[in-house]
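# Coordinates for the following, if possible.
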Amino acid sequence: MNPPKKIDVIDSHGGFTIESEPPPSRLKHHSHFNLTERRTLHIGDTLWQPGRVLERGTTGKLVSYDNDSFYQTNNDVTIAMYRVPGYDYPVLIWFDNTTGKRIA
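Numbering: from 1, shown residues only. Predicted coordinates for the structure are as follows:
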């Protein structure tokens, strides 16, 4: 599945998930988001944040995604990485490949 190019990153719980510590292979690119769109993402540590920390809006722009990811026990998942203006960390959103619906 191809994730949306832009999306409101706030989830159903009023927050969003960030990649707080990227793997060493991407550490030098972390703040610049110099990634290609479609690639295998190796996600580092994640952290859920309340939506109120986003001061300049909640719309994220797609940076990268991986159709062959997983979320908890679902192995047919797309993970997408978004850039939100004014926020330093990448926001992560998971989508179910079967239904196309957002998981988290």
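# What residue, apart from its backbone neighbours, is nearest the residue nearest the centre of the chain spatially?
Nearest to the geometric centre of the chain sits residue 92, at 1.7 Å (CA atoms, centre = their mean). Leaving aside its sequence neighbours, residue 92 sits nearest to residue 17 (CB to CB, 6 or more residues apart in numbering; 4.9 Å). C-beta: built from backbone N, CA, C; applies to glycine.
# What strands line up against the helix or strand encompassing that neighbour, and which way round?
Taking DSSP states H and E as the definition, residue 17 sits inside strand 15-21. Within its sheet, strand 15-21 is paired with strand 45-50 (antiparallel), strand 91-96 (antiparallel), according to DSSP bridges.
# got a list of contacts for that strand?
Applying CB atoms under 8 Å, 6 or more residues apart in numbering, the contact partners of strand 15-21 are 9-11, 43-51, 54, 58, 81, 87, 89-93, 104.
# just the buried members of those residues?
Among the contacts of strand 15-21, those classed as buried by 16 or more other CB atoms under 10 Å are 9-11, 43-44, 49, 54, 81, 87, 89-93, 104.
# Give me the subset of those residues that lies in strands.
49, 81, 91-93 (DSSP state E).
# biggest separation within those, which pair?
Maximum pairwise distance among those (CB to CB): 14.9 Å, between 49 and 81.
# and residue 98, what is it in contact with?
residue 76.
# distance of it from residue 52?
Distance, residue 98 to residue 52, by CB to CB, to the nearest Å: 33 Å.
# go on, residue 103?
23 Å.
# the more surrounded of these two?
residue 103 (15 against 9; other CB atoms under 10 Å).
# in this structure, which segments are predicted with low confidence?
22-42 (pLDDT under 70).
# Does residue 52 belong to a helix, a strand or coil?
Here residue 52 is recorded as helix under DSSP: H, G, I helix; E, B strand; the rest coil.
# Ok, the one 4 residues further on next?
Of the three states, residue 56 takes coil according to three-state DSSP.
# dump the residue contacts of it.
84-87.
# Any chance of those residues in CSV with distance to residue 68 as columns?
Output for the contacts of residue 56, formatted as CSV (distance: CB to CB, whole Å):
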residue, distance to residue 68
84, 25
85, 29
86, 31
87, 27
